[in-house]
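Colleague: Here is the input, now give the coordinates:
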Amino acid sequence: MKKIGLAIIVILLAAASIFFGVLPQRFDRNANVVIPHDPYVISEEAQSLHDTIPVADLHSDMLLWRRNPAKKNARGHTDVPRLREGGVALQVFTAVTKSPSGLNYDENDASTDDLNLLTFAQLWPRRTWNSIYERAAYQAERLHKLEKTAPDEFVFVKSAPDLNKALDRGALAGIYGIEGAHPLEVELENIDRLYDQGLRIMGLQHFFDNALGGSLHGKSGAGLTEFGKAAVDRAVAKGMIIDLAHSSEQVAWDVLARIDEPVIVSHTGMKGHCDTARNIPDDLMKAIADAGGLVGIGFWDAAVCDPSPEGIADALLYAVEHLGVDHVALGSDFDGTVTTPIDGSEMAALTQALLDKGADAATIRAVMGENAIRFFRENLPAR
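Modeller: Down below sits the predicted model:
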């Protein structure tokens with residue numbers, strides 16, 4: 001009997017080792033893929049230009065995955081060393097806090113949540129297993145920890161002076177956002193709590209309708225609810241920036257009609273360039289730009305249709321033509337369970353592709369980073 005009991009213990013330990021030690025990393029590796037390619041050839045002209053650009057990206061989901069962000073990893077798209085290698089000066093890190101099963105761009109509901117299993121398997125704190133708010137809080141804590149453990153390499157940016165400090169020191173500036181405001185758990189006070197934890201960009205929806213209104217991929221197509229209006233008002237009053245990525249078209253129009261402050265669409269494509277269910281119409285994008293907003297162009301197939309450096313360059317230049325050069329930025333969606341042609345270390349490939357497409361240096365500098373740097377200097381809290 002003792003031998004049987006010992007065998008059972010060994011089997012259970014082996015199963016636990018695989019479940020907690022192997023499966024999360026394998027899922028990460030299989031979900032966040034870089035298309036295999038030979039090393040990109042970067043000309044001396046392109047590299048020289050790239051080296052002068054403070055590259056900025058409006059969207060990464062790196063915080064969702066169990067990796068040490070201070071060390072270079074062999075899986076996924078981003079970590080601090082790879083971003084620095086790619087010349088990235090500013091990265092928005094966005095917390096994913098709920099993910100329905102069978103995720104798609106057409107119609108999802110909120111009845112399931114695959115993150116229940118993922119948070120458990122990745123050994124997140126127990127408080128996060130069934131609390132959407134705590135998942136957002138925990139991911140903010142990860143950025144605080146990164147700043148504490150790598151202060152020379154990373155600054156957790158909460159204000160415009162913080163951003164200037166990071167740029168002056170040559171450290172990576174990290175801004176914290178949430179992908180969908182369901183972590184509020186229908187409590188306006190949670191806006192204040194998350195703000196105190198460093199939240200500065202509030203996405204309203206993700207892949208499903210929530211208490212604030214309809215998702216672009218939900219069932220209702222609804223606009224802002226009364227709670228959504230109150231949440232937008234409170235967030236803006238606190239100094240947060242509203243992110244309309246994944247929001248329904250009606251929510252986007254409602255926000256534009258409600259506030260004077262500029263918004264962002266952190267990761268998307270232009271529907272006139274790539275007609276998929278992921279992208280909103282060009283006239284809505286133009287309205288966002290005309291209100292001073294910033295549009296981040298994604299790196300994956302549903303955003304740009306051609307997920308290659310050349311395809312991303314085409315999408316960026318289409319956006320420049322239709323929105324104006326001052327309103328276009330990078331919105332990679334790195335580590336967002338997407339397949340991209342580059343990881344964070346290979347941003348120079350985009351500079352090369354833009355040069356090859358005939359873009360001038362001023363345009364390249366603007367879309368590769370200067371627009372985003374300016375936007376956050378102007379719209380983050382002054383202190």
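Colleague: And T363, how far from I42?
Modeller: With distances taken as Cβ to Cβ, to the nearest Å, T363 is found 18 Å from I42. Heads up, the C-betas are built off the backbone N, CA and C, glycines and all.
Colleague: What's the mean pLDDT across stretch 24-31?
Modeller: Stretch 24-31 shows a mean pLDDT of 90.
Colleague: all helices for the stretch 1-150 of the chain, in order.
Modeller: Using DSSP state H, counting those that start in this stretch, the helices assigned to the stretch 1-150 of the chain run over residues 2-21, 23-31, 44-50, 80-85, 115-121, 132-149.
Colleague: Same list (those helices) but as TSV, adding mean neighbour count and distance to G170.
Modeller: Conversion of those to TSV gives the following (neighbours: other Cβ atoms under 10 Å; distance: least, Cβ to Cβ, whole Å):
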stretch	mean neighbour count	distance to G170
helix 2-21	10	36
helix 23-31	16	29
helix 44-50	15	16
helix 80-85	21	9
helix 115-121	18	34
helix 132-149	19	15
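Colleague: and of these, who's closest to I312?
Modeller: Smallest distance to I312 across the helices of the stretch 1-150 of the chain (Cβ to Cβ): 14.5 Å, for helix 44-50.
Colleague: Quick one: list the elements packing against the closest one.
Modeller: helix 348-356, helix 361-365 (3 or more Cβ pairs under 8 Å, 6 or more residues apart in numbering; DSSP states H and E).
Colleague: hey, which of the ones you listed is tucked in deepest?
Modeller: Of the helices and strands packed on helix 44-50, the one with the most neighbours on average (mean count of other Cβ atoms under 10 Å) is helix 348-356, at a mean of 23.
Colleague: Please enumerate residues in contact with that helix?
Modeller: Helix 348-356 is contacted from outside by 40-43, 45-47, 49-50, 53, 86-87, 309-310, 312-313, 316-317, 330, 341-342, 363-364, 367-368, using Cβ atoms under 8 Å, 6 or more residues apart in numbering.
Colleague: Just checking the distance from that helix to the centre of its chain.
Modeller: In terms of Cα atoms, centre = their mean, to the nearest Å, the centre of helix 348-356 is found 22 Å from the chain centre.
Colleague: what does stretch 170-185 give?
Modeller: For stretch 170-185, the distance to the chain centre is 8 Å (Cα atoms, centre = their mean).
Colleague: Now that stretch: buried residues?
Modeller: 171-184 (16 or more other Cβ atoms under 10 Å).
Colleague: Also stretch 64-81?
Modeller: Applying 16+ other Cβ under 10 Å to stretch 64-81 flags 64-65, 67, 69, 73, 75-81 as buried.
Colleague: which of these lies closest to D283?
Modeller: Using Cβ to Cβ, the buried residues of stretch 64-81 come closest to D283 at H77, 31.6 Å.
Colleague: shouldn't K229 be in contact with V255?
Modeller: No. Applying Cβ atoms under 8 Å as the test, K229 and V255 come out as separate, 9.2 Å apart.
Colleague: between the two, who's got more neighbours?
Modeller: When K229 and V255 are compared for neighbours, V255 comes out ahead with 24 against 16, by other Cβ atoms under 10 Å.
Colleague: Quick check: which element contains that one?
Modeller: Using DSSP states H and E, V255 maps to helix 249-258.
Colleague: I'd like to know which elements that helix is packed against.
Modeller: helix 226-238, helix 282-290.
Colleague: pLDDT averaged over it - what is it?
Modeller: 98.
Colleague: quick one: contacts of the next helix or strand after it?
Modeller: Going down the chain from helix 249-258, the next helix or strand is strand 264-268, by DSSP H and E. With contacts defined as Cβ under 8 Å, 6+ apart, strand 264-268 is touched by 58-59, 92, 94, 177, 201, 203, 241-245, 278-280, 285, 288, 293-298, 303, 331-333, 336, 375.
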